[in-house]
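>>> With the sequence up front, the predicted model follows.
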Amino acid sequence: EVQLVESGGGLVQPGGSLTLNCTPSGITVHELAIGWFRQAPGKNREAVSCIATSQGAPYYADSVRGRFTISRDIAENTVYLQMNSLKSEDTAVYYCASGGVVSTSPRHYNYWGRGTQVTVSS
């Protein structure tokens, strides 16, 4: 059974940084595409960043490009989302998901973690 566990969320001031971790069990991080999504209250779940199994360039939403970085550590079997220069509008529950292809649509991902809360506030 595939399970994904997110960690690293918390409360941070505007301009601060956080690193989210996504650690799967039942799969290795280079077998499937991994995506980070977020959902704020009253809003749809949106793709933040996705990384493929190949060496292609990761996807970043326009709202986070230049501030967030997705990376994969095969030895640790973990995908990271480094988030810098955080803004209040980044506040959301962040989810990692795995699927067969890189996609910005949640419906293309088969497995989901339970999410980790990120709150950006002074």
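Looks like it came in fine.

>>> quick one: what helix or strand has the most centrally placed residue in the chain in it?
What sits nearest the mean C-alpha location of the chain, by Cα atoms, centre = their mean, is Trp36, with 2.4 Å. When elements are assigned from DSSP states H and E, Trp36 belongs to strand 33-39.

>>> For that strand, buried residues please.
33-38 (16 or more other Cβ atoms under 10 Å). (C-beta placed from N, C-alpha, C; glycine too.)

>>> Pull the residues that contact it.
Contacts with strand 33-39, where a contact means Cβ atoms under 8 Å, 6 or more residues apart in numbering, come from 20, 22, 24, 45-53, 70, 72, 79, 81, 90, 92-104, 106, 109, 115, 118.

>>> let's see 6 Å
Outside strand 33-39, the residues that touch it by Cβ atoms under 6 Å, 6 or more residues apart in numbering are 45, 47-52, 79, 81, 92-99, 101-102, 109.
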